[in-house]
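S.K.: Okay, here's the prediction I keep looking at, along with the sequence it came from:
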Amino acid sequence: MESTLEIAEGAASQDPDVGLRAVAALRELAERLEVLQIENARRLGWSWQEIADRLGVTKQTVHRKHGPRIGRRS
């Protein structure tokens, strides 16, 4: 994966090929960060509702996406 600086520079590119690849890289980075932070929150005892509130989504959405991998504690 490219560095964060390279991704940011690519996102501002006038070349659609470079810009769209940067968008894809940002999505991948955001997904990895989401997983990392949700795992951290669950390990620290956060509820699915607390996590959902911080992400601006419903409890069901975050639980459906991450529950099977992370665990189903309340």
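M.R.: Yep, it's here.

S.K.: Tell me the helix or strand right after the lengthiest helix in the chain.
M.R.: For the chain, the helix with the greatest residue count under DSSP state H is helix 16-43. Proceeding N to C from helix 16-43, the next assigned helix or strand is helix 48-55, under DSSP states H and E.

S.K.: relative to helix 16-43, how tilted is that following helix?
M.R.: Helix 48-55 runs at 150 degrees relative to helix 16-43, counting by axes from the mean of the first three to the mean of the last three C-alpha atoms, to 10 degrees.

S.K.: could you give the mean pLDDT of helix 48-55?
M.R.: Per-region confidence: helix 48-55 scores 97 on mean pLDDT.

S.K.: The chain should start at 27 in everything you say after this.
M.R.: Will do, 27 is the new start, and the previous item becomes helix 74-81.

S.K.: Could you give me the buried positions within it?
M.R.: Trp74, Ile77, Ala78 (16 or more other C-beta atoms under 10 Å). To be clear about C-beta, it is placed using only N, CA and C from the backbone, and glycine gets the same treatment.

S.K.: Return the host helix or strand of Glu32 as PDB; C-alpha atoms alone will do.
M.R.: In the assignment (DSSP H and E), Glu32 maps to helix 30-37. In PDB, the C-alpha atoms belonging to helix 30-37 read as follows (Å, rounded to 0.1, in the frame of the first residue of the first chain):
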ATOM      1  CA  THR A  30      -0.600   8.200   3.500                       C
ATOM      2  CA  LEU A  31       1.100  11.200   2.000                       C
ATOM      3  CA  GLU A  32       1.200   9.500  -1.500                       C
ATOM      4  CA  ILE A  33      -2.500   8.700  -1.200                       C
ATOM      5  CA  ALA A  34      -3.400  12.200  -0.200                       C
ATOM      6  CA  GLU A  35      -1.400  13.700  -3.100                       C
ATOM      7  CA  GLY A  36      -3.000  11.200  -5.400                       C
ATOM      8  CA  ALA A  37      -6.500  12.200  -4.200                       C
END
